[in-house]
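Participant: Sequence below, structure please.
(one chain, ligands or ions: 4)
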Amino acid sequence: MTDITGIRRKLEKKLKSERYEHTLGVMYTASSLAMRYDGDVKKSLLAGLLHDCAKFCSGREQIQLCNEYQIGLSESERKMPALVHARLGAYLAEHEYHIHDREILDAITYHTTGRPGMTLLEKIVYIADYIEPGRQEIEGLTLVRRAAFSDLDEAVALSAASTISYLENAGRDIDPMTVKTYEFYSKK
Ligand code: DGI
Ligand code: FE
Ligand code: FE
Ligand code: FE
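Facilitator: Ligands and ions are numbered 1, 2, ... in the order given. Prediction:
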């Protein structure tokens, strides 16, 4: 039996309060989406709770930890430290929080870039991260929130599109996987 309360206490200590609040928002939003789409509520809670568990330290420290734990990073991940917490998070979920469910670990791994052909749980966490109630109101958020509860794939396409235009405007590199996610879900 997984001790959700114990994991919550541990994360509350490790994460900054805003990050912890975001984590709870994603956890409850993910569970609501699971209710809507007949997903696994418990797995959604856990994946939401742990999705940003690697965000207790900076991108640079996350890369150091990856080296230490021999987590091989892709070229994109070395170039874009913002992506690293997803892969490191899945590792920590397994080795520090003792989650061995592959579906949950994959949902953590792909929560930032998404990927084509995501499982229901992967889509739930990807979208919950984007729409949770504490998220700053950005253009189009209302639309993604509405889509999330009527057409989950449409919501994935909208949120990937919005992430891409945000990164373009900010002049940041875009991971090829982020683009593949958009292409896959916008064609559906
Ligand atoms: O961890 P969160 O802030 O809750 O959200 P996230 O994991 O979805 O995204 C973390 C950051 O990564 C956010 O600033 C957006 C950014 N990001 C997402 N896709 C890409 C990306 N950054 C780069 N450089 N390239 C991407 O493709
Ligand atoms: Fe994240
Ligand atoms: Fe996200
Ligand atoms: Fe997040």
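
Participant: ok now do the residue nearest to the spatial centre of the chain, which residues does it touch?
Facilitator: For the chain, H111 is the residue whose C-alpha lies nearest the centre (C-alpha atoms, centre = their mean; 2.8 Å). Residues near H111 by C-beta atoms under 8 Å, 6 or more residues apart in numbering: H51, A86, G89, E122, V125, Y126, D129. For every residue, glycine as well, the C-beta is placed using N, CA and C.

Participant: What are the buried residues along stretch 143-163?
Facilitator: Residues of stretch 143-163 classed as buried under the neighbour-count rule (16 or more other C-beta atoms under 10 Å) are 144-145, 147-148, 152-163.

Participant: Repeat that for stretch 86-98.
Facilitator: For stretch 86-98, burial by neighbour count (16+ other C-beta under 10 Å) applies to A86, R87, L88, G89, A90, Y91, L92, A93, E94, Y97.

Participant: near ligand 4, which residues of this structure?
Facilitator: Listed as neighbours of ligand 4 in the chain under the rule C-beta under 5 Å from the ion: D52, D129.

Participant: Help me see whether the lowest-mean-pLDDT helix or strand in the chain makes contact with ligand 1, please.
Facilitator: Lowest on mean pLDDT, DSSP states H and E among the helices and strands of the chain sits helix 75-79, with a mean of 92. No. Residues of helix 75-79 are not located near ligand 1 by C-beta under 6 Å from any ligand atom, the shortest gap being 7.5 Å.

Participant: Sort out which one of the buried residues of stretch 86-98 lies nearest S58 for me.
Facilitator: Minimum distance to S58 across the buried residues of stretch 86-98 is 11.8 Å, recorded for L88 (C-beta to C-beta).
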